[in-house]
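In: using only what follows, build the 3D model:
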Amino acid sequence: MDKLLSFTAGRPSTGKKPLPDDASTEEWTGQLRRTVREIEMREQDPELVARARYRLYADPQLLRCRHADSPGLLQLLEIVESRGPAVDVVLRQPLDAS
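Out: Down below sits the predicted model:
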């Protein structure tokens, strides 16, 4: 069962679907804020890192293009990309991306 946890998006208990491509800046900002909080918690409690990988299904380049006028969103995206991998929080292409 532990191996199955590494294949879930986000926290294993949330069961949330990835945001659609046309999600608003506010929706993406909220998702990225939650991901940054996850990074912060994992930085303080290494046991969380061992439990499961946290995946955010998003295309960073697409987010940068579509939300270029939102410095807050871009800053959160940079935090996720730079600090996330150290605590097993990763960005992945959406499952339906070609």
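
In: ok, then the element right after the helix-or-strand element of the chain with minimal mean pLDDT?
Out: When the helices and strands of the chain are scored by mean pLDDT, DSSP states H and E, helix 2-5 comes last with a mean of 36. Scanning forward in sequence from helix 2-5 by DSSP states H and E, the next helix or strand is helix 25-44.

In: what comes up buried for that next one?
Out: 28-29, 31-32, 34-36, 38-39, 42 (16 or more other C-beta atoms under 10 Å). Backbone N, C-alpha and C define where each C-beta goes, glycine included.

In: skip ahead from that helix and say which helix or strand is next.
Out: Following helix 25-44 in sequence, per DSSP H and E, is helix 46-51.

In: quick one: buried residues of that following helix?
Out: Buried residues in helix 46-51 (16+ other C-beta under 10 Å): 48-49.

In: and the residue nearest to R33 when sequence neighbours are not counted, how many neighbours does it have?
Out: Distances taken as C-beta to C-beta, 6 or more residues apart in numbering put L76 closest to R33, at 6.3 Å, once the chain neighbours are dropped. L76 sits with 21 neighbouring residues when counted by other C-beta atoms under 10 Å.

In: closest to the centroid, which residue in the protein?
Out: L56 (3.0 Å; C-alpha atoms, centre = their mean).

In: ok, what's across the strand from that residue?
Out: Beta-bridge pairing for L56 (DSSP bridges): L91.

In: just list the residues touching it, thanks.
Out: 9-10, 31-32, 35, 80, 89-92 (C-beta atoms under 8 Å, 6 or more residues apart in numbering).

In: from those, pick the one nearest D69.
Out: Closest approach to D69 among these (C-beta to C-beta): L32, at 15.5 Å.

In: relative to P71, how far out is the closest one?
Out: 13 Å (C-beta to C-beta, to the nearest Å).

In: joint contacts of these two?
Out: Between them, L32 and P71 share no contacting residue, judged by C-beta under 8 Å, 6+ apart.

In: residues near the closest residue to Y54 other than its chain neighbours, how many?
Out: The spatially closest residue to Y54, leaving aside those adjacent along the chain, is V89, at 4.4 Å (C-beta to C-beta, 6+ apart). Close neighbours of V89, defined as other C-beta under 10 Å, add up to 24.

In: before I go, just wanted to say thanks for your time.
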